[in-house]
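Asks: predicted model and sequence below, questions to follow.
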Amino acid sequence: VQTSFESRLKEYKTRVDTRITEILNEQHPVDLYEPMRYALQAGGKRLRPVLLLAACDAVGGDVNDALDVAAALEIVHNFTLVHDDIMDRDETRRGRETVYRHWDENVAILSGDGLLVKAYAELKHVSPDLLPDILTEFSRGILKVCEGQTLDMNFENRHTVSLDEYFEMIRKKTAAFFSLACQLGGMLGRGSPEQIEALAAYGLYLGIAFQVQDDLLDIVSDTAVLGKDAGSDIKAGKKTFLMLHALANGTPQQIDDLRAVIKKENVTETDINVVRELFLSIGSMQMAAAEIKRSLAVANQTLQLLQPGEGRTFMKDTLKLIENRTF
Ligand code: IPE
Ligand code: IPE
Ligand code: MG
Ligand code: MG
Ligand code: MG
């Protein structure tokens, strides 16, 4: 038996997927359009468009008015993943080869560009009185993702990164996107400025939790469950929440051992196991879990600013879904 949360989740996903299929309909040349579809068809949790529709509903709007922008936002998300996998040198995404591995880097760059353009073109469906503000916020949000991604890449080559800098980076690369999704939903549902602000805050804190959890899953999960390369952050020398916590709290010997892995050109499975054990003994996994809980609790609190009802309940339940996710 499906709960009302599950059936609503499924309904939102189906509607978004149908719209995405309609949007990505070009055929020739196949080396542009086939990888664009490939990137979107492999599944994915569809969290951002689902949240956009839920936010619209939570302020009393009609989700039909938000569907095009929801689909556009998911297409942008997939654009960021296609390019992110080139930058992170990852081979697997959603259980299959990344676009640049399946084709090549040029194909991945171009099909990513194509996805971004197709997403923007969808905004033409927004009602004219809302369009200028939607366009402004949409662009501002995506530019933040680019800023965050720049910091993420810069940090790979830095010896020290503070936790404040880390949070700035994930607020931009990940949380800004979730915040944008919820904000756009509120705008398209014609919520009040206070409601839209509350939704943006909910998305921001949910997004912070989401990225810390993504960092955690990289080291505690495996490729088969994750559908993407486990241990990838260690291989790339990413400054994840766990790595920064371990570097700040380990003994001098533990820190030396971590530094030795970070320095390595070719990180092996054995190295990843060493790092996992270090994270465990330093308490970095527990700290990440605590951080996720804290951030989700703040997100939950912001929902108090919305009217009680099914829409708000759905957004509350989404926090549980995220807390329990394994991929
Ligand atoms: C992956 O996002 C990128 C991050 C911000 C960590 P998701 O985990 O939402 O990816 P899909 O769309 O479900 O595959
Ligand atoms: C993703 O961060 C943020 C983006 C803007 C794409 P990650 O690089 O950690 O995402 P995954 O782990 O590859 O999905
Ligand atoms: Mg990345
Ligand atoms: Mg990545
Ligand atoms: Mg990651």
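Replies: That came in fine, so what should we check first? Residues are numbered from 1 along each chain as shown. Ligands and ions are numbered 1, 2, ... in the order given.
Asks: dump the residue contacts of residue 318.
Replies: 47, 50-51, 54, 206 (CB atoms under 8 Å, 6 or more residues apart in numbering). Using the backbone N, CA and C atoms, a C-beta is placed for each residue, glycine as well.
Asks: which of those fall in helices?
Replies: 47, 50-51, 54, 206 (DSSP state H).
Asks: tell me the one among these nearest to ligand 3.
Replies: Set against ligand 3, the nearest of these by CB to the ion is residue 47 (17.1 Å).
Asks: now do the same contact list for that closest one.
Replies: Per CB under 8 Å, 6+ apart, neighbours of residue 47: 178, 210, 318, 322.
Asks: who's in contact with residue 109?
Replies: By CB under 8 Å, 6+ apart, the residues touching residue 109 are 83, 86.
Asks: now the one 4 residues further on
Replies: Counting by CB under 8 Å, 6+ apart, residue 113 touches residue 79.
Asks: now do residue 176
Replies: The neighbourhood of residue 176, defined by CB under 8 Å, 6+ apart, consists of 141, 144-145, 148, 204, 207.
Asks: from those residues, pick the one nearest residue 5.
Replies: Nearest to residue 5 among the contacts of residue 176: residue 207, at 20.1 Å, using CB to CB.
Asks: does the closest one touch residue 173 like I think?
Replies: No. In this structure, residue 207 is not within contact of residue 173 by CB atoms under 8 Å, at 9.3 Å.
Asks: get me the contact residues on this protein for ligand 3.
Replies: The chain comes close to ligand 3 at residues 84, 88, as judged by CB under 5 Å from the ion.
Asks: what's residue 93 sitting at in phi/psi?
Replies: Main-chain dihedrals, residue 93, degrees, to the nearest 10: phi -150, psi 130.
Asks: count the residues that sit near the residue of the stretch 201-327 of the chain found nearest ligand 1.
Replies: Closest approach between the stretch 201-327 of the chain and ligand 1, counting by CB to the nearest ligand atom: residue 214, at 3.8 Å. Counted with other CB atoms under 10 Å, the neighbours of residue 214 add up to 18.
Asks: if you skip the residues just before and after it, what's nearest to it?
Replies: Nearest non-adjacent residue to residue 214, counting by CB to CB, 6 or more residues apart in numbering: residue 174, 7.4 Å away.
Asks: distance-wise, check that neighbour relative to ligand 2.
Replies: To ligand 2, residue 174 is 5 Å away according to CB to the nearest ligand atom, to the nearest Å.
Asks: ok, that residue touching residue 209?
Replies: No. The criterion here is CB under 8 Å, and residue 174 misses it with residue 209 at 9.8 Å.
Asks: residue 44 should be in a strand, yeah?
Replies: No. Checked against DSSP: H, G, I helix; E, B strand; the rest coil, residue 44 lies outside a strand; its state is coil.
Asks: what pLDDT does it get?
Replies: pLDDT, residue 44: 95.
Asks: kindly report the same for residue 1.
Replies: 73.
Asks: nearest to ligand 1, of the ones in helices among the contacts of residue 318?
Replies: residue 47 (5.2 Å).
Asks: for ligand 4, what's the nearest residue on this structure?
Replies: For the chain, CB to the ion, closest residue to ligand 4: residue 88, 3.7 Å.
Asks: burial of that residue, as a residue count?
Replies: The number of residues near residue 88, taken as other CB under 10 Å, comes to 20.
Asks: from ligand 1, how far out is it?
Replies: Distance, residue 88 to ligand 1, by CB to the nearest ligand atom: 10 Å.
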